[in-house]
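S.K.: Give me a model of this one.
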Amino acid sequence: VQLVESGGGLVQPGGSLRLSCAASGFTFSNYAMSWLRQAPGKERELVAGISSGGGSGGGSTNYADSVQGRFTISRDNAEKTVTLRMNSLKPEDTAVYYCKVRYWGKDYWGQGTQVTVSS
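M.R.: Got it, this is the predicted structure:
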């Protein structure tokens, strides 16, 4: 199992970023995917999740209250990617963002991508 995140960077408050996670080593369409983040000195927290199934684009989604209405998670089962579109970014969104899959009872993570929201 391999997960590779990309798309992080420095953005001003109110700006947007699009994170992508490329997956390999498992049957991507069969597994729910998640984005989590970890800010300095804080616990890692769930940002958004998307279920498997639901056709080529995945099924149901869920979001942390703090990002509801600003972030959108989606998946492309043909490309084996999961995307997190982030709008109206705030300084408190600054964190390392990770893609995760639970495969055969074990959590697999990517290396993370840094998102910094600052003027």
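S.K.: and the most centrally placed residue in the chain, what does it touch?
M.R.: Taking Cα atoms, centre = their mean, the centroid of the chain lies closest to Trp35, which sits 2.9 Å from it. Trp35 sits next to 19, 21, 46-49, 73, 82, 84, 97-100 when contact means Cβ atoms under 8 Å, 6 or more residues apart in numbering. The C-beta positions use only the backbone N, C-alpha and C, and glycine is treated the same way.
S.K.: Among these, name the buried ones.
M.R.: Buried residues within the contacts of Trp35, counting neighbours by 16 or more other Cβ atoms under 10 Å: 19, 21, 47-49, 73, 82, 84, 97-100.
S.K.: Do I have it right that Cys21 meets Leu3?
M.R.: Yes. Using Cβ atoms under 8 Å, Cys21 is in contact with Leu3, at 5.6 Å.
S.K.: what residues are shared contacts of those two?
M.R.: Contact criterion Cβ under 8 Å, 6+ apart; residues shared by Cys21 and Leu3: 99, 110.
S.K.: Find the nearest non-adjacent residue to Thr116, please.
M.R.: Leu10 (4.7 Å; Cβ to Cβ, 6 or more residues apart in numbering).
S.K.: Just confirm that neighbour contacts Ser118, I think it does.
M.R.: Yes. Taking contacts as Cβ under 8 Å, Leu10 lies within contact range of Ser118: 6.7 Å.
S.K.: the strands in this protein, which residues?
M.R.: Under the criterion DSSP state E, the chain contains strands at 2-6, 9-11, 17-24, 33-38, 45-50, 61-63, 71-76, 81-86, 95-103, 106-109, 113-117.
S.K.: And the longest one, what does it pack against?
M.R.: Other helices and strands packing on strand 95-103, by 3 or more Cβ pairs under 8 Å, 6 or more residues apart in numbering; DSSP states H and E, are strand 2-6, strand 17-24, strand 33-38, strand 106-109, strand 113-117.
S.K.: if we go to 10 Å?
M.R.: strand 2-6, strand 17-24, strand 33-38, strand 45-50, strand 81-86, strand 106-109, strand 113-117 (3 or more Cβ pairs under 10 Å, 6 or more residues apart in numbering; DSSP states H and E).
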